[in-house]
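Participant: Need coordinates for the below:
(2 chains, ligands or ions: 1)
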Amino acid sequence: MHCDRYQELISALHDGELSDAETRELTEHLAACPACRLFQAELTATGTVLQSWDETPPALRPLPTSPEPTRSPLEWIVAHLLRGRISIPVPAFGALLLLVLALLYWGRPAVEVGEQVQFADSDVVTQSLGERSDLIVFSGQFANLEPQGHWRR
Amino acid sequence: MNRKRQDERLNDLYREHSGSIFGFLYRALRDRERCEELTHDCFIICRKRLVESPPDNERFFLYGIAHNLYREERRRLGRQRRLMVEKRDRLTGEEITQRDQHDELVGAQTAGIVRNEIGRLPDELQVPLILREYQDCNYEEIAGIVGIPVGTVRSRIFRARKILAERLRPLLEPKHEVE
Ligand SMILES: [Zn+2]
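Facilitator: Residues are numbered from 1 along each chain as shown, chains lettered A, B, ... in the order given. Okay, the predicted model is just below:
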């Protein structure tokens, strides 16, 4: 017997997944096959029994909200500039650039470490004092002088 | 989508679908506490993907994530489960299962028996049956979620039902009890 194939069709019919042609074919077979009619009845009854397994879902726990993006202010500005959300007008940009350059100029020590400078009519070479790279100390005969900050040439 | 709108959208999806996602995971894994966690994880994964590529069918999309979580969990439990089954078989064999079934029948624990019998189905039959019978997915959706052809979905569901019809025969109406 080829009833196995028809039984698969019965299962698919139960799920509303049969084409019209298959439905016609199955209907014809069922009219002639008591075993498949019995299987169909059994499958329907099994479906009812399966529905007795009813599970109540648990109460909802709230979902955590999205984490804050961990970005430094600079990254934020760059990201927004790239997306075109911030547009800086040209004069404002120019003024900002001038301000940055000015800060860079006045914040710079007047003498570099290792530079030869004139002090009390002698040539001396400056050197850094430990971690304080902004302080300059003199070597040689002026070694016991107090370290100086911004020493002008 | 900005963060606030994304959270709102996710909470809507969570309210609407968490019950059925939990239902699927619980029926397939049968560990309430673990499945609550996995349901939660499913929506957190969904949030990430909502941003990357918003799906057309969100329900189907969520089942896809849940099915991956189910598979990972099965893999994780694989060894543990095999050891348990080996132990049970060594101690008692098939008879104890029948005795348990009888006890449960006496106690009219129909749902408990159904639960056990679905649990005893091979994994590849269990998931399509659960998705069809309890989660109201059609064959095409199941094929997409599990990653198998529609024809295979149809035959697996049929095979699962045939096994269950036999094993659940004592629970069926008397007129269907045939030998
Ligand atoms: Zn037949």
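Participant: from here on, contacts and neighbour counts on C-alpha atoms
Facilitator: OK.
Participant: May I ask which helix or strand encompasses the residue of chain B found nearest the ion?
Facilitator: Using CA to the ion, the closest approach of chain B to the ion is made by residue B:162 at 14.3 Å. Assigned by DSSP states H and E, residue B:162 belongs to helix B:150-167.
Participant: what residues does that helix touch?
Facilitator: Applying CA atoms under 8 Å, 6 or more residues apart in numbering or on different chains, the contact partners of helix B:150-167 are A:7-8, A:11-12, A:42-43, A:46, B:117-118, B:121, B:124-126, B:128-129, B:139-140, B:142-143.
Participant: Can you flag the buried ones in the residues you listed?
Facilitator: Neighbour counting by 16 or more other CA atoms under 10 Å in any protein chain shown classes A:7-8, A:11-12, A:42-43, A:46, B:117-118, B:121, B:125-126, B:128-129, B:139, B:142-143 among the contacts of helix B:150-167 as buried.
Participant: residues in contact with residue B:135?
Facilitator: B:20, B:23, B:24.
Participant: quick one: which of the residues you listed is nearest residue A:55?
Facilitator: The shortest approach to residue A:55 among those belongs to residue B:23, at 6.7 Å (CA to CA).
Participant: thinking again about what came up before, count the residues that sit near the residue of chain B closest to the ion.
Facilitator: 19 (other CA atoms under 10 Å in any protein chain shown).
Participant: Residue B:52 now?
Facilitator: Residues lying near residue B:52 (other CA under 10 Å) number 9.
Participant: Give me the helix or strand of chain B that scores worst on average pLDDT.
Facilitator: helix B:95-106 (a mean of 51; mean pLDDT, DSSP states H and E).
Participant: Could you identify the helix or strand that succeeds it?
Facilitator: With elements assigned by DSSP H and E, the helix or strand that comes after helix B:95-106 is helix B:110-120.
Participant: Give me the contacts around the helix or strand just after that next one.
Facilitator: Per DSSP H and E, the first helix or strand lying C-terminal to helix B:110-120 is helix B:123-133. Applying CA under 8 Å, 6+ apart, the external contacts of helix B:123-133 come out as A:47, A:50-51, B:24, B:27-28, B:118-119, B:137-139, B:142, B:146, B:153, B:156-157, B:159-161.
Participant: Filter the residues you listed down to the buried ones.
Facilitator: A:47, A:50, B:24, B:27-28, B:118, B:137-139, B:142, B:146, B:153, B:156-157, B:159-161.
Participant: Quick one: name the residues of chain B near chain A.
Facilitator: Within chain B, the positions near chain A by CA under 8 Å from any CA of the partner chain are B:3, B:7, B:11, B:15, B:18-20, B:22-23, B:36, B:40, B:44, B:110-112, B:114-115, B:133-134, B:138-139, B:154-155, B:157-158, B:161-162, B:164-165, B:168-169, B:171-173, B:176.
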